[in-house]
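here is my input; please provide its structure:
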Amino acid sequence: MDEEVDICKPHTGDTPVHRDTTAPRGGTVLIFDTTLRDGEQAAGTSLTPQEKLTIARQLDKLGVDIIEAGFPISSPGDFEAVQLIAAELRRPIVCGLAHCRPAAIDRAWEAVQGAARPRIHVFLSASDIQLAHMLKKSRQEALELAREMVARAKSYTEDVEFSPMDATRADTEFVHQLLEAVIDVGATTVNIADTVGYSTVNEFAELIRGIFDKVPNIHRACVSVHCHDDLGLAVANSLEAVRLGARQIECTINGIGERAGNAALEEVVMALRTRSDVFGLTTNIDTTQIFQTSRVVSDLTGFMVQANKAIVGANAFRHQSGIHQDGMVKESSTYEIMDPRSVGISASSLVLGKLSGKHAFRERLAELGFTLNEESLSHAFRAFKDLADKKREIADRDLVSLVSEELRQETQVYKLDHVDVSCGDHSLHSAAVRLIGPDGTVLSDAAIGTGPVDAVYKVINRIVGIPNTLVEFTINANTEGFDAIGEVLIRIESDGGLYTGRGASTDIVVASAKAYMNALNRLILSRQQKEESDTAGEGASKSVPEAA
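Numbering: from 1, shown residues only. As a prediction, this is how the structure comes out:
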């Protein structure tokens with residue numbers, strides 16, 4: 001029998017890895033989270049370095065093995081974020097992305113070198129369509145470039161990953177040649193990217209089988225997969241790959257990412273756990289942190305989680321049909337294949353009210369996965385008390401919205417201080433707004449609009465003075481009842497960029513004002529980062545090729 005080795009650790013021997021592709025093989029699947037890199041490429045998302053650090057801390061709690069913290073050469077903000085994360089987090093591997101240019105490799109190393117476990121992730125187009133139209137290089141030129149840049153990365157760190165971008169539309173023999181070449185010069189992980197979500201499950205399986213069978217030195221590297229969801233097959237393709245021997249999955253929280261997004265981390269992890277009878281594999285993820293991580297990413301990116309989203313959607317563990325409810329009362333396993341507590345959703349909700357004290361409030365937040373410093377806790381508790389005067393009972397979803405709103409305030413350039421509106425079916429709709437400016441100056445004005453929200457937005461625009469267009473406005477009730485917290489999501493457009501904002505309040509006009517301020521602040525921070533980038537001479541991120 002062939003020698004068994006850990007294929008997700010560097011291996012220098014010549015003995016091939018034994019794989020039985022007809023049945024599940026035991027082991028651990030490494031979870032490579034690219035929320036902070038590919039996830040942030042989703043249109044309308046722009047995270048500050050501090051927001052990225054907040055998400056990274058939660059990913060650390062979640063237990064992901066590798067955090068792809070960003071694309072350091074793309075902008076000073078991305079470089080700063082990667083550097084901050086590398087300096088603070090000591091358990092996970094911290095990875096920086098680089099395309100095949102010496103400056104990108106060097107910049108990635110500069111960003112991740114402070115990490116306890118640094119990795120450089122190098123990518124290069126592999127398909128003829130991308131080689132011809134994007135890089136204008138021949139296959140042979142691409143092969144030599146990949147070899148040279150992986151060797152350069154290897155001179156900095158032992159942990160080097162290589163991705164042949166658009167591998168599922170590339171010539172398979174060329175993909176095999178690329179992988180063999182980069183492994184020869186030191187790549188320890190090779191990542192097969194379905195960059196445009198093109199592959200069907202059967203096609204992807206054949207590609208993975210071919211790599212194991214025809215790349216002679218594949219036993220010296222961990223095989224990884226990175227699947228996009230353009231045809232809704234990202235999770236299915238990822239799971240099929242690990243069934244056939246891949247041992248790293250690249251994914252994002254809530255499945256966010258370019259276009260239709262990436263394989264959703266929560267779906268991949270819970271599929272492996274729930275169907276261990278099929279896969280026989282484990283992960284290092286603390287699944288009880290999944291729901292909280294989903295909320296943190298949703299709040300900071302501004303992308304709401306759809307109600308019917310698997311694992312983390314509002315309806316994922318709710319039952320409305322009479323038949324389903326009857327089954328749940330008799331035995332939960334009749335209609336639930338997972339315990340909601342396994343992903344961090346409380347089976348029973350502790351209800352707080354206006355008589356609840358700060359200690360109980362703190363304890364409940366801790367159970368929900370929130371750890372606030374004393375100042376933020378005090379602000380959140382005051383907001384809780386204000387809410388308790390308006391609502392008789394406050395459930396967990398109210399608390400999550402309340403604390404998320406508090407966390408959003410921490411990165412505000414302009415802060416909403418006061419909103420006052422007058423409206424009615426036979427009266428003028430007017431609004432008075434007071435903001436606190438970046439230097440602490442109190443700014444106030446009033447305006448008339450076609451409705452109360454329109455009036456509020458006109459006032460804010462007059463004060464802040466940044467032209468933009470409102471392109472999306474969505475209202476959701478966080479809980480049932482007339483006293484529910486309303487959550488507003490908006491997207492605004494300015495100079496070709498989309499910026500998302502969220503706000504929550506029992507008053508929907510106030511929630512709308514908070515959401516608008518959240519979006520405007522993101523726009524302002526994005527402009528500041530671009531100005532820093534231009535000053536540093538790095539160039540805009542659009543000049544950098546899209547990553548795998």
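
tell me which residues in stretch 28-46 are buried?
29-42, 44-46 (16 or more other Cβ atoms under 10 Å). C-beta: built from backbone N, CA, C; applies to glycine.

meant to ask about stretch 498-515, not that
Buried-residue list, stretch 498-515, by 16+ other Cβ under 10 Å: 498-506, 508-515.

out of those, which sit inside strands?
498, 499, 500, 501, 502, 503, 504, 505 (DSSP state E).

check the secondary structure at the nearest residue to the first one once chain neighbours are set aside for me.
Spelled out, that is residue 498. Leaving aside its chain neighbours, residue 498 sits nearest to residue 44 (3.7 Å; criterion: Cβ to Cβ, 6 or more residues apart in numbering). Three-state call for residue 44 (DSSP: H, G, I helix; E, B strand; the rest coil): coil.

low pLDDT regions in the protein?
Along the chain, the model assigns pLDDT under 70 to residues 1-26, 318-335, 347-351, 392, 410-411, 426, 479-481, 533-548.

related to what we said a few turns ago, which ones among the buried residues of stretch 28-46 lie within strands?
If you go by DSSP E, the buried residues of stretch 28-46 have 30, 31, 32, 33 in strands.

so what's the last one up against?
By Cβ atoms under 8 Å, 6 or more residues apart in numbering, the contact set of residue 33 is 59, 62, 64, 66, 67, 68, 250, 251, 252, 253, 265.

how about stretch 194-201: buried residues?
194, 195, 196, 197, 198, 199.

quick one: the residue nearest to residue 498 and residue 475, what's the gap?
18 Å (Cβ to Cβ, to the nearest Å).

over to residue 87?
The spacing between residue 87 and residue 475, counted by Cβ to Cβ, is 40 Å.

what's the spacing between the longest helix seen in the chain and its chain's center?
For the chain, the longest helix by residue count, based on DSSP state H, is helix 508-536. Here the centre of helix 508-536 is set off from its chain's centre by 19 Å, with Cα atoms, centre = their mean, to the nearest Å.

stretch 413-426 now?
So, by Cα atoms, centre = their mean, the centroid of stretch 413-426 is 33 Å from its chain's centroid.

could you do stretch 164-178 as well?
That offset, for stretch 164-178, works out to 27 Å (Cα atoms, centre = their mean).

mind listing what's buried in it?
Of the residues in stretch 164-178, 164, 165, 166, 167, 168, 169, 170, 174, 175, 176, 177, 178 count as buried by neighbour count, 16+ other Cβ under 10 Å.

touching that stretch from outside, list them.
Contacts of stretch 164-178 (Cβ under 8 Å, 6+ apart): 123-130, 139, 142-143, 146, 162, 179, 190, 192-196, 198-199, 203-204, 207, 210-211, 214-215, 547-548.

7 Å - rerun?
123-130, 139, 143, 146, 192-196, 198-199, 204, 207, 210-211, 214-215, 548 (Cβ atoms under 7 Å, 6 or more residues apart in numbering).

tell me if residue 297 really is in a strand.
No: counting by three-state DSSP, one finds residue 297 to be helix, located in no strand.

against residue 135, how distant is the closest residue to it other than its chain neighbours?
Once flanking residues are discounted, residue 297 sits nearest to residue 253: 4.2 Å by Cβ to Cβ, 6+ apart. According to Cβ to Cβ, residue 253 and residue 135 sit 31 Å apart.

of the two, who's got more company?
Counted by other Cβ atoms under 10 Å, residue 253 and residue 135 do not tie: residue 253 has more neighbours, with 29 against 17.

quick one: the more buried one and residue 38 touch, right?
No: under the criterion of Cβ atoms under 7 Å, residue 253 is not in contact with residue 38, lying 11.1 Å apart.

overlap in contacts of the two?
Joint contacts of residue 253 and residue 38 (Cβ under 7 Å, 6+ apart) do not exist.

phi and psi next, for the residue nearest to residue 297.
Backbone torsions of residue 253, given as degrees, to the nearest 10, read phi -70, psi 130.

so how far is residue 518 from it?
19 Å.

ok, back up a step: now the two most distant members of the contacts of residue 33.
Using Cβ to Cβ, these span at most 15.1 Å, a distance reached by 62 and 250.

neighbour-wise, which of these two wins?
Using other Cβ under 10 Å as the criterion, residue 62 and residue 250 rank with residue 250 on top: 31 against 28.

quick check: which element contains that one?
If you go by DSSP states H and E, residue 250 is part of strand 248-251.

backbone phi and psi for the residue lying closest to residue 526 once chain neighbours are set aside, please?
In this structure, residue 526 finds its nearest non-sequential neighbour in residue 46, 4.7 Å apart by Cβ to Cβ, 6+ apart. Backbone torsions of residue 46, given as degrees, to the nearest 10, read phi -150, psi 110.

residue 275 too?
Residue torsions, per degrees, to the nearest 10, at residue 275 are phi -110, psi 50.

ok, how many other residues are close to it?
Residue 275 has 14 nearby residues by other Cβ under 10 Å.

tell me who's in contact with residue 417.
434, 435, 436.

the host helix or strand of the second one to helix 508-536, inter-axis angle?
The reference is to residue 435. Assigning secondary structure by DSSP H and E places residue 435 in strand 429-436. Between strand 429-436 and helix 508-536, the angle comes out at 50 degrees (axes from the mean of the first three to the mean of the last three Cα atoms, to 10 degrees).

partners of the next helix or strand after strand 429-436 in the sheet?
Using DSSP H and E, the helix or strand that directly follows strand 429-436 along the chain is strand 442-449. Strand pairing for strand 442-449, using DSSP bridges, gives strand 429-436 (antiparallel).
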